[in-house]
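Undergrad: Below are the sequence and a predicted model for it; my questions follow.
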Amino acid sequence: MKISKVKLTAVGVPRHTGFVNKHVIVQLETDEGAVGIGEMSDFSHLPRYSVDMKDLEATLDSILIGKNPFDTADINRELDLNFPQALYYYEKGSFIRNGVDTALYDVCSKFLGVSMSDLLGGRQREKFKVCYPIFRHRFMDEVDENIEIVRNRLEQGFDTFRLYVGKNVDADEAFLDRVYSEFAGKVTIKSLDFSHLLDWKDALRATKRLSKYHFELVESPAFWNDFEGLNHFRLQCEFPVSEHVWSPRQQYEMIKKDSVDIFNIAPVFIGGLTAARKAAYAAEVAGKSVLIGTTQELSIGTSAMAHFGSALPHLNYTSDPTGPELYIDDIVTDKIQYENGFLRLPDRKIAGIGVDLDWNKIEKYRVPDLSWGDVSVHQLQDRTSQTRG
Ligand SMILES: O=C(O)C(=O)C[C@@H](O)[C@H](O)C(=O)O
Ligand SMILES: [Mg+2]
Ligand SMILES: [Mg+2]
């Protein structure tokens, strides 16, 4: 089988907060007729560093046409050469590589007539627990609207939440107090996520202040790539520490410096399922746990993560992929399913990734490019259309 054409389609899908995220749908056509789909997710990060869609499609054509999609190792090597790993969380080359790599696994599993998970180590589980994100408080009056989100999502079966913190710790404390007084015993706070906004000492002070409320772990409590800072925080904090994995070198440094307890692995940030599997193996070898992170993908990217997560033996903490719940709509015929706060895998009898493109929806949300207008820091960091701050 050989790849015969690469097709990219950009869509802009709003979240319930009004914030619009742009994603790129990948189609890999082959000479056998099978078509693999993937998703380059959430180009809203680093909005001023934009990708030209036409150039990208021509570049991927030149790299991929004529290649056998089963040659995932060689194709990933080639993609790394063209979109190199970077020591940065939102490196868009990783988003690009991820969209292509996902489509490789999809077209190969479709060609073989098996579920994508069968090419990713099989299934240890048919579903896994996820948590709903509560975005960062900048103003005290955002506490009420976030408590309302908890109330509504709890009714839908989400009983676990993660809280972005660190910009207004008074509001963070007020929110946690309300959660534990109004939903005692019914709601779990999985993590405080500092999103690399504070240095490790400020994060430690905030964590100690909030530790009278139970939560399971602390994420990103130091500046980017501050491996020693993460280690200092970790040794002085009673809670497990997680950090996103955005490059093999970064993960190597975190293993060497014993910076974390948990690696947060999302194919989008490490550049694909192939790279994510390597990161998961490295975590296992280092005796660390993993959880699956997210950039808040649509159903294609989320289904790929469901298949990836189903085989991981050390998936010991609640994961994060909830994108299809955050967007007002999706671009597949049947969205990936959640059940009582669990992300469910597609039926194993379905070949491939398990979701299909809905071209009516794609036309509805199609955008001409990935350019971006002016957005405030609040909107960017906290994924909102609010214009305050
Ligand atoms: O765990 C995180 O950190 C995120 O989820 C980052 C968010 O910004 C995510 O990428 C989003 O778009 O909501
Ligand atoms: Mg995070
Ligand atoms: Mg994102």
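TA: Alright, I've got the coordinates. Ligands and ions are numbered 1, 2, ... in the order given.
Undergrad: So what touches the host helix or strand of residue 252?
TA: Assessed by DSSP states H and E, residue 252 sits inside helix 248-256. Contacts with helix 248-256, where a contact means CB atoms under 8 Å, 6 or more residues apart in numbering, come from 85, 87, 225, 227, 230, 243, 245, 259-260, 263, 270, 275, 278-279, 282-283, 286, 288. Placement of C-beta: from N, CA and C, glycine included.
Undergrad: Kindly report the same for stretch 53-61.
TA: Counting by CB under 8 Å, 6+ apart, 5, 6, 7, 8, 10, 24, 82, 96, 100, 369, 370 sit against stretch 53-61.
Undergrad: Buried subset of those residues, written for PyMOL?
TA: Selection of buried members from the contacts of stretch 53-61 for PyMOL, criterion 16 or more other CB atoms under 10 Å:
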select buried, resi 6+8+10+24+96+100+370
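Undergrad: Rebuild the contacts of stretch 53-61 as a markdown table, extending it with distance to ligand 2.
TA: Shown next, in a markdown table, are the contacts of stretch 53-61 (distance: CB to the ion, whole Å):
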| residue | distance to ligand 2 |
| --- | --- |
| 5 | 36 |
| 6 | 31 |
| 7 | 31 |
| 8 | 27 |
| 10 | 25 |
| 24 | 22 |
| 82 | 27 |
| 96 | 21 |
| 100 | 24 |
| 369 | 28 |
| 370 | 23 |
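Undergrad: what's the closest of the contacts of stretch 53-61 to residue 108?
TA: Compare each of these with residue 108 using CB to CB and the shortest gap goes to residue 100, at 12.7 Å.
Undergrad: shouldn't the closest one be in contact with residue 64?
TA: Yes - Residue 100 is within contact range of residue 64, at 7.2 Å (criterion: CB atoms under 8 Å).
Undergrad: Overlap of the contact sets of these two?
TA: Taking CB under 8 Å, 6+ apart as the contact rule, residue 100 and residue 64 both touch 6, 28, 75.
Undergrad: Mark which of these are part of strands, please.
TA: 6, 28 (DSSP state E).
Undergrad: Kindly report the residues of this structure close to ligand 3.
TA: Proximity of the chain to ligand 3 is confined to 42, 295, 296 under the rule CB under 5 Å from the ion.
Undergrad: do the very next helix or strand once past the helix holding residue 252 and ligand 2 meet?
TA: Under the assignment DSSP H and E, the closest C-terminal helix or strand after helix 248-256 is strand 262-265. No - counting by CB under 5 Å from the ion, no contacts exist between strand 262-265 and ligand 2, the nearest distance being 6.3 Å.
Undergrad: what does the helix or strand that strand 262-265 is followed by rub up against?
TA: As assigned by DSSP H and E, the chain's next helix or strand after strand 262-265 is helix 267-270. Helix 267-270 is contacted by residues 41-42, 89-90, 94-95, 98, 101-102, 244-248, 273, 275-276, 279, 293-295, 297, 301, 304-305, 308 when judged by CB under 8 Å, 6+ apart.
Undergrad: So which elements touch the longest helix along the chain?
TA: Using DSSP state H, we find that the single longest helix of the chain is helix 92-112. Contacts defined by 3 or more CB pairs under 8 Å, 6 or more residues apart in numbering; DSSP states H and E place helix 92-112 against strand 20-30, strand 35-40, helix 53-64, helix 72-82, helix 267-270, helix 273-285, helix 299-309.
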